[in-house]
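Asker: Below is the sequence, then the predicted model.
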Amino acid sequence: MKFNKLSQLMLAAAFSLTAAGLLTACSTLTADFVYVTSALATGSNQYGQVDVFEVNQDSGRMRKIPASPFPSGGRNPVADAPAPDNASLYVVNEDDNSIVQFIIGNDGKLYPNYTTNTPGVFPFAIAPVKGYLYVLDTYQPLPTCNSASPCSGSVAVFPINKDDSLGTAISNTSNGTSYWPLTLATRPNDVIVPTGIATSASGAYVYVTAYDSSVSPTVGYVFGFSVNSDGSLAPVNGGTPFAAGTHPSAVAGNPAANDLYVTDMGPGNILGFQINAGMLTPLSGSPYPSGNQPVAIVVDGKGRFAYAANSLDANVTAYTINAGNLTRVGAYTTGAQPVALGIDPYLNQYLYTANFLGNTVSGFQINSTDGTLLIAQFSPFKSNTNPTAVAAIPHPVPIPK
């Protein structure tokens, strides 16, 4: 059958309208964009990569956007987090002591805009909140400090500008530097190794997990800081950290309550604390059993459920939250060695894990009634080699009230 020119034009126009309708329909089904950093160096500059996935809001299926992956802007990206306005993504490149700010396009694509060097050495964790970005460095910038002769870690604070770029690191007037060292007053020469950073629900307090590597067995702590009006930090509890097991590995605040949760990698459990004026008090049921080598923890946006990634077991432990206390509801298989967790901010319906040895991202649907998990369609999803972190932003459409 042959078509005349007018028929062909009409058919082409109809097809174009149909295709546009399908694209529009597909775009409305995207709940989130998920950003997964991968540490394996690629290209002549040896940069890491950032995979970008779009998530179907009905099935949780993750699909890479056509332009993915993007260069991370540095070597060995180990953490990422969206700016508070979800318009930018911050990527931490550990080997370059840098944080790269990427502007996020409406289609999820990343556009590098600004690079900042951290005051310390080997940054590996960040926490953006209310106009500030808190950065955790493995080592202080001391002239005698290096991997062969390590020193204790430190915290830095950067103001977030209106365009999400980072301003100059805020000064610590107590010691004339641009960072807050993690030290023990009773053992000032011990090497304190930081492992995670989080904020309270109000943003008024910052908490850092760490352990003393100079003693055997190691001893775990949570260092607490209050946030001053200018963004600078002031140690709580007179600078004395709170006891936190033997080897704390990650920390998460409850966004809906004054609770803090810390994974303790050695015994395989979770420590729970109540926050009161910055002070930490163990919750009545703490500690809560997890799996082997828990290394990441996350709480859903409504403060109902918590999830811990157990790297040695290759699974996620799910909990319900009641008055701060955790009740285990099950364990769910991921890819090999999950090292990071994220929950979709649009619906609070999907959980993601970055599986370092599996080279995949696992996706789960969260049961809104009991917190149990159902594996998402076609999960796990292929990522680049050695994924290290996962973060998500809501798709730019109106969020239901």
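Answerer: Happy to help now that I have it. Numbers count the residues shown, from 1 in each chain.
Asker: Show me what the lengthiest strand in the chain is packed against.
Answerer: With secondary structure taken from DSSP state E, the chain has its longest strand at strand 30-42. Contact partners of strand 30-42 among helices and strands, from 3 or more C-beta pairs under 8 Å, 6 or more residues apart in numbering; DSSP states H and E: strand 47-56, strand 77-82, strand 350-355, strand 387-394. In short, each C-beta sits where N, CA and C put it, glycine included.
Asker: Next secondary structure after the second one?
Answerer: It refers to strand 77-82. Next in sequence after strand 77-82, counting helices and strands by DSSP states H and E, comes strand 88-93.
Asker: That next one vs strand 30-42, what angle?
Answerer: Counting by axes from the mean of the first three to the mean of the last three C-alpha atoms, to 10 degrees, strand 88-93 lies at 20 degrees to strand 30-42.
Asker: Other residues contacting strand 88-93?
Answerer: With C-beta atoms under 8 Å, 6 or more residues apart in numbering as the test, strand 88-93 has contacts from 35, 37, 47-48, 50, 72-83, 98-104, 110, 113, 123-126, 128, 133, 135, 164, 391, 393.
Asker: repeat for stretch 389-397
Answerer: With contact meaning C-beta under 8 Å, 6+ apart, stretch 389-397 is reached by 27-28, 30-37, 54-55, 77-82, 86, 89, 104, 106, 339-346, 352-354, 361.
Asker: ok, now stretch 367-377?
Answerer: Outside stretch 367-377, the residues that reach it (C-beta under 8 Å, 6+ apart) are 56, 59-62, 300, 304-305, 307, 316, 318-320, 329-330, 332, 348-351, 362-366.
Asker: 7 Å instead?
Answerer: With contact meaning C-beta atoms under 7 Å, 6 or more residues apart in numbering, stretch 367-377 is reached by 59-61, 304-305, 316, 318-320, 329-330, 332, 350-351, 363-366.
Asker: try stretch 320-338
Answerer: For stretch 320-338, contacts defined as C-beta under 7 Å, 6+ apart pick out 257, 259, 270, 272, 274, 283-285, 288-289, 291, 303-306, 309, 311, 314-319, 353-358, 360, 362, 364, 370-373, 380.
Asker: And the pLDDT at the residue lying closest to residue 235 once chain neighbours are set aside?
Answerer: Leaving aside its chain neighbours, residue 235 sits nearest to residue 225 (5.8 Å; criterion: C-beta to C-beta, 6 or more residues apart in numbering). You'll see residue 225 listed with a pLDDT of 98.
Asker: Could you do residue 8 as well?
Answerer: Residue 8 is assigned 40 on the pLDDT scale.
Asker: one step back: for ChimeraX, write the select line for the buried members of the contacts of stretch 320-338.
Answerer: Per 16 or more other C-beta atoms under 10 Å, the buried members of these correspond to this ChimeraX selection:
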select :257,259,270,272,274,283,288,291,303,304,305,306,309,311,314,315,316,317,318,319,353,354,355,356,358,360,362,364,371,373,380
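Asker: Restricted to strands, list the contacts of stretch 320-338.
Answerer: Taking DSSP E, the ones among these that sit in strands are 259, 270, 272, 274, 288-289, 305-306, 309, 315-319, 353-355, 360, 362, 364, 373.
Asker: now the helices for the protein?
Answerer: 5-28 (DSSP state H).
Asker: and residue 336, how far is that from residue 314?
Answerer: Using C-beta to C-beta, to the nearest Å, residue 336 is found at 5 Å from residue 314.
Asker: what's in contact with stretch 106-113?
Answerer: With contact meaning C-beta under 7 Å, 6+ apart, stretch 106-113 is reached by 33, 50, 52, 54, 65, 67, 70, 73, 89, 100-105, 165, 396.
Asker: what about 6 Å?
Answerer: With contacts defined as C-beta atoms under 6 Å, 6 or more residues apart in numbering, stretch 106-113 is touched by 33, 52, 65, 67, 70, 73, 100-103, 396.
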